[in-house]
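A.B. asks: What follows is a predicted protein model with its sequence.
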Amino acid sequence: MSKHGRVLVAMSGGIDSSLAAVLLHEQGYEVIGMTMKTWDYASSGGTKKETGCCSLDSINDARAIAVNLGFPHYILDIRSEFGDYVIDHFTGEYLEGRTPNPCVLCNTHIKWDSLLRRADNLGCEFIATGHYAKIREENGRHIISKGVDLTKDQSYVLWGVSQESLSRTILPLGNLTKSAIREMAKEKGFYDLVNKSESYEICFVPDNDYRGFLKRRVDGLEEKVKGGNFVLENGKVVGKHEGYPFYTIGQRKGLGIALGYPVFVTEIRKETNEVILGTEEYLKRTAMTVGKLNLQKYASIPEGGIETITKVRYKDAGTAAFVKQIEADKIEANFYESVSAIAPGQAAVFYEGDDVVGGGWILKSFNTEVKQDLSLSLAE
């Protein structure tokens, strides 16, 4: 019997999840490895060779680590639940004129739930992943915070994990850097993991051609949406586009429009099949509303509102904002500096220092004058 308990570790076959399993094994946990098969790329009609977390090679790599260390390993086929939820949401959001974030949705609504159900079946007290983030309990709340390696921090994608799920989650890499993980792998002789390339693509769109994926996924999509207008912010029609689902807020390349100066997609209007273009200045917004909330640090935003650093996309450095809860499931954020290319459908995550206050899905962005006379140091 393990002195720490039994833990089910999500193993993608990559270096991070593999070392997470190794570390927990060395710490005295009874480890069970599980690799989730979320997607079969061949069924999407794509032509690129299957790579990443769903490939046979990755499954075999995860199993090899388990065999090497002597703990069990299972393969979990969740293609049906993944496709029904994540992929349907992905296509549905583009058809609504929004820009989805399937990786966040998968982490919070598929992988954690699937792991916990199987953990219960296998008698595991805990689940674990190879995310670079930390978790702690404070004032009865389970809080995600940034990992020490800020270049690899993944706290942004974990805002949606529930309190119940967090109470049973271990994140072994939160206090480690990527370089340290690589050195550990070398010391243990796992050279294949060190040399393995990492994929940052959406697992079911490994060729990064989401437009092609939508066309294959939705019958007759091109015929339904083609022929709409490119419209400038002043209302002038300047050309025809291929269909509003094939564009995203902030897009500049691939528009096929030559106006003598750079223009960007500033708005998508599904109802009229219009794609609005403007100069970079028109991308800037000072406020947004965020819905479908999941709060971690607090059960609700403190009365009167709080100051946060707010990220509107994964690679966003964050911008100082004053946020207040305007409904049970809705937040309004007012930025102290304008933010460019806020895309409805993306995730917004609110931080106090390194702690994740919570997050939600961006509903809309707009410009308004910030009334609060408050300051916030970005260096904190």
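C.D. replies: That came in fine, so what should we check first?

A.B. asks: Quick check: residue 73 vs residue 126, distance?
C.D. replies: 17 Å (C-beta to C-beta, to the nearest Å). C-beta here means a position set from N, CA and C on the backbone, and glycine is covered the same way.

A.B. asks: Also residue 239?
C.D. replies: Residue 239 is 55 Å from residue 126, where distance means C-beta to C-beta.

A.B. asks: quick one, which of those two is more surrounded?
C.D. replies: Neighbour tally, residue 239 and residue 126, criterion other C-beta atoms under 10 Å: the higher count belongs to residue 126, 19 against 14.

A.B. asks: if you go through the protein in chain order, where are the helices?
C.D. replies: Under the criterion DSSP state H, helices of the chain are mapped to 15-26, 56-69, 79-82, 88-95, 102-106, 112-121, 163-166, 178-187, 191-195, 210-217, 221-225.

A.B. asks: Indicate which one of those helices is closest to residue 138.
C.D. replies: Closest to residue 138 of the helices of the chain is helix 163-166 (C-beta to C-beta; 11.7 Å).

A.B. asks: so what does that closest one touch, helix or strand wise?
C.D. replies: helix 112-121, strand 141-146 (3 or more C-beta pairs under 8 Å, 6 or more residues apart in numbering; DSSP states H and E).

A.B. asks: which stretch in the ones you listed has the least confidence?
C.D. replies: Note on those: lowest mean pLDDT is at helix 112-121, with a mean of 93.

A.B. asks: For that helix, list every residue counted as buried.
C.D. replies: Residues 112-116, 118-119 are the ones in helix 112-121 that count as buried (16 or more other C-beta atoms under 10 Å).

A.B. asks: Quickly list the domain ranges of this structure.
C.D. replies: The record assigns the chain these domain ranges, following automatic domain parsing: 6-195, 225-278, 283-366.

A.B. asks: roughly how far apart are the most centrally placed residue in the chain and residue 27?
C.D. replies: Residue closest to the average C-alpha location in the chain (C-alpha atoms, centre = their mean): residue 104, at 3.1 Å. Here the distance between residue 104 and residue 27 works out to 29 Å (C-beta to C-beta).

A.B. asks: Check residue 367 too.
C.D. replies: From residue 367 across to residue 27, the span is 51 Å (C-beta to C-beta).

A.B. asks: go on, residue 115?
C.D. replies: To residue 27, residue 115 is 19 Å away according to C-beta to C-beta.

A.B. asks: Check residue 73 too.
C.D. replies: Separation of residue 73 from residue 27 (C-beta to C-beta): 18 Å.

A.B. asks: How about residue 285: what's its closest non-neighbour residue?
C.D. replies: Spatially, and ignoring its direct neighbours in sequence, residue 285 is nearest to residue 365 (4.0 Å; C-beta to C-beta, 6 or more residues apart in numbering).

A.B. asks: hang on, the earlier thing: which of residue 367 and residue 27 has more residues huddled nearby?
C.D. replies: residue 27 (14 against 10).

A.B. asks: Let me see the backbone angles for that one.
C.D. replies: phi -80, psi -10 (degrees, to the nearest 10).

A.B. asks: isn't it right up against residue 7?
C.D. replies: No: in this structure residue 27 lies outside contact range of residue 7 using C-beta atoms under 8 Å: 9.6 Å.

A.B. asks: can I assume residue 148 is in contact with residue 171?
C.D. replies: No: look at residue 148 against residue 171 with C-beta under 8 Å: they stay out of range, at 11.6 Å.

A.B. asks: CA-only coordinates of stretch 327-339, as CSV, when you get a sec.
C.D. replies: Extracted as CSV, the C-alpha positions of stretch 327-339 are listed here (Å, rounded to 0.1, in the frame of the first residue of the first chain):
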residue,chain,number,x,y,z
GLU,A,327,-25.0,39.1,-12.7
ALA,A,328,-24.6,35.7,-11.1
ASP,A,329,-22.9,34.4,-14.2
LYS,A,330,-21.5,37.5,-15.7
ILE,A,331,-18.5,39.8,-15.2
GLU,A,332,-17.8,43.2,-16.6
ALA,A,333,-14.1,44.2,-17.0
ASN,A,334,-12.9,47.7,-17.5
PHE,A,335,-9.3,48.0,-18.7
TYR,A,336,-7.0,50.8,-17.7
GLU,A,337,-5.3,50.6,-21.1
SER,A,338,-7.0,49.6,-24.3
VAL,A,339,-6.7,46.0,-25.3
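
A.B. asks: Sounds good, over and out.
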